[in-house]
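Q: I need the structure of the sequence given here:
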Amino acid sequence: MTKRLLVAGLLTAGLVLACADGAGPPLDDQRLQPVASADMFRPIKWQPAEGPVRFTVADGMPVGESQGAGDYAVFASPGIPVPPLDTYEASVWIEEGKGNSLSIDYIDQGSSKPYVKFTVQTGTMIELPDGEPLQKGDSVLITATVDTVAMAVRFGPAGLQFAGPNPPQLMMWYSGANGDLNGDGVVDETDDEIERKHLGMWYQEVEGADWERIKAKHSPNEDWLSAKVRHFSGFAIAY
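A: Numbering: from 1, shown residues only. As a prediction, the model looks like this:
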């Protein structure tokens, strides 16, 4: 199987830089911040039951050396007594015309629970950031960078597009907020109203741009939102 040398080369160079420091990048570098003009954008924040939030790669591969137990590689916030990866990213190769998925779980009280699942359907047509269609047999490396404070994730390479009748599906779970959707430390009727009336999935085309709400399916009973993805950028659960 051949690969797009230009795209793969650029991504590889970026990953080498990201992994050069064994301590990993500062947490601030991993956050997807709303811009000041996006007054109505209020992202849901992580409210782990114990300690800082931790994540595992369920499908796909962690960026950097795999350090973990069993089938899971763990990437964690500083201070967690598990070996952290070099960066808060996971990736997967997607071949033109073939399906694949990338899943990231979070750890809550010793159990892994779903957080992000990105699924590329068989037959999905992929266009590179320069607009050139990916050819049969070629692949592109898709990378997801998770936010350790807000429930947000950024996909790369930026500008990658998906065409055809079956675009990829992105699912995001917000159960890691433990019911406290407005982050005030209390789970009450205000959180219920946010979930029933205001919660949604938001999209940021490029870093620094406004966040915009997009059409998404919502399952309050299972704490997830799902949307079709046509273009790579940032996505967040917010109200």
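
Q: neighbours around Ser233, how many?
A: By other C-beta atoms under 10 Å, 18 other residues sit near Ser233. Just so you know, the C-beta spots here come from the backbone N, C-alpha and C atoms, and that holds for glycine as well.

Q: hang on, it packs against Arg154?
A: Yes. If you go by C-beta atoms under 8 Å, Ser233 and Arg154 touch, sitting 7.0 Å apart.

Q: ok, the closest residue in space to His231 that isn't next to it in sequence - contacts?
A: Distance criterion C-beta to C-beta, 6 or more residues apart in numbering; nearest residue to His231, sequence neighbours excluded, is Gln161 at 5.3 Å. Residues in contact with Gln161, defined by C-beta atoms under 8 Å, 6 or more residues apart in numbering, are Ile126, Glu127, Pro129, Gly131, Arg230, His231, Phe232.

Q: phi, psi for Gln161 please.
A: phi -120, psi 150 (degrees, to the nearest 10).

Q: beta partners of it?
A: Counting by DSSP bridges, Gln161 is bridged to Glu127, His231.

Q: then Glu95?
A: For Glu95, the beta-bridge partners are Ser139 (DSSP bridges).

Q: neighbours of the spatially closest residue to Pro167 that is not a sequence neighbour, just the number please.
A: Nearest non-adjacent residue to Pro167, counting by C-beta to C-beta, 6+ apart: Lys228, 4.6 Å away. The number of residues packed near Lys228 is 14, by other C-beta under 10 Å.

Q: on that earlier part again, just among the contacts of Gln161, which is most surrounded?
A: Neighbour counts for the contacts of Gln161 peak at Ile126, which has 24 neighbours (criterion: other C-beta under 10 Å).

Q: for Gly164, see how far away the closest residue to that one other than its chain neighbours is.
A: Using C-beta to C-beta, 6+ apart and skipping the chain neighbours, the partner closest in space to Ile126 is Leu134 (4.2 Å). Leu134 is 12 Å from Gly164, where distance means C-beta to C-beta, to the nearest Å.

Q: anything in contact with each of the two?
A: Met125.

Q: read off the pLDDT value for the residue of the chain most remote from its centre.
A: Distance from the centre of the chain peaks at Glu189, with 28.7 Å (C-alpha atoms, centre = their mean). The model reports Glu189 with a pLDDT of 97.

Q: ok, now which ones touch it?
A: Contact analysis of Glu189 by C-beta under 8 Å, 6+ apart lists nothing.

Q: need the contact list for the residue nearest the centre of the chain.
A: Note on the chain: the residue nearest the mean C-alpha position is Val153, at 3.2 Å, using C-alpha atoms, centre = their mean. Taking C-beta under 8 Å, 6+ apart, we find Val153 in contact with Leu32, Ile104, Val116, Ala144, Thr145, Val146, Asp147, Met172, Gly234, Phe235, Ala236.

Q: same deal with Glu132?
A: By C-beta under 8 Å, 6+ apart, Glu132 has no neighbours at all.
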